[in-house]
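coords please:
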Amino acid sequence: MELKVGDSLEIINEPVITELEERNVAYVSFVGNYMGDASVFEEMFGKLFSWAGPEQLMGPDTLLMSAYYDDPGVTPPEELKLDVCMTIEDDVEVEGEIKKKKIPGGKYAVMRVELAGAEEYGPAWEKIVEWVMQNNLEIDTSRASYEIYLNSPDEHPQGHHILDVCMAVK
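Below is the predicted model:
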């Protein structure tokens, strides 16, 4: 079922509860106000790609993700924590600003969306939080919630972002 929300935020499917697997990732961290600031993500992904490219770590199965650790409604903007990640094999060595960890798996509410631009990320997260609350679920703040990017907006005919919004739930 497709729902139109706001001007162009498109919910491709209603959220579903699913078990996501743990993933090995290389990541770059950021602390500060990233809300609505596409340049933060561009810079962080740029660092990740600059490292991964020469190492030939980008393959057809590589997932690009952003992991969020705080509730922006509660945490002051300057204290928000974000990791921009890419999946890697367990034996990959990292260096410098590039770190490595496991993103925990577990129970998540997952909603696929198509967004016209960066300004629609906030409303997409509001929609999944609303769904979680309406379904009497509890957000699990002990695990990161994240976005899994399914396309490059540069390669979409309208420049849209297609992604899975993954909210950790108990």
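
this structure - how does it break down into domains?
1-22+106-170, 23-103 (automatic domain parsing).

how far does the first one sit from its chain's centre?
This means domain 1-22+106-170. Remark: domain 1-22+106-170 is offset 9 Å from the chain centroid, using Cα atoms, centre = their mean, to the nearest Å.

same question, the last one
Mean C-alpha position of domain 23-103 versus that of the full chain (Cα atoms, centre = their mean) differs by 9 Å.

lowest mean pLDDT across the domains of the chain, which one is that?
If the domains of the chain are sorted by mean pLDDT, domain 1-22+106-170 sits at the bottom with a mean of 87.

which of the helices or strands spans the one residue sitting closest to the centre of the chain?
Central residue of the chain (Cα atoms, centre = their mean): Glu147, 1.9 Å from the mean position. Using DSSP states H and E, Glu147 maps to strand 145-149.

what is the subsequent helix or strand relative to that strand?
Defined by DSSP H and E, the subsequent element after strand 145-149 is strand 161-168.

please name the strands paired to that next one in the sheet, noting orientation.
strand 106-115 (antiparallel), strand 145-149 (antiparallel) (DSSP bridges).

strands along the chain, start to end?
3-5, 9-11, 16-20, 23-31, 64-68, 81-87, 99-103, 106-115, 145-149, 161-168 (DSSP state E).

residue at max distance from the center of the protein?
Pro54 (24.1 Å).

now the terminal residues of stretch 44-58, how far apart.
Start and end residues of stretch 44-58 are separated by 16 Å (Cα to Cα, to the nearest Å).

mind listing what the residue nearest to the centre of the chain touches?
Each residue near Glu147 by Cβ atoms under 8 Å, 6 or more residues apart in numbering is listed here: 65-66, 121, 163-166. Yep, even glycine has a C-beta here, placed from its N, CA and C like the rest.

try 10 Å
Contacts for Glu147 (Cβ atoms under 10 Å, 6 or more residues apart in numbering) come out as 41, 64-68, 84-85, 113, 121, 124-125, 161, 163-166.

count of neighbours near Glu95?
Other residues within reach of Glu95, judged by other Cβ atoms under 10 Å, total 10.

that one against Pro54, yeah?
No: contact criterion Cβ atoms under 10 Å: Glu95 and Pro54 do not qualify, at 11.5 Å.

hang on, isn't Arg112 packed against Ile12?
Yes: contact criterion Cβ under 10 Å: Arg112 and Ile12 qualify, at 4.1 Å.

look up how far His156 lies from Ile128.
22 Å (Cβ to Cβ, to the nearest Å).
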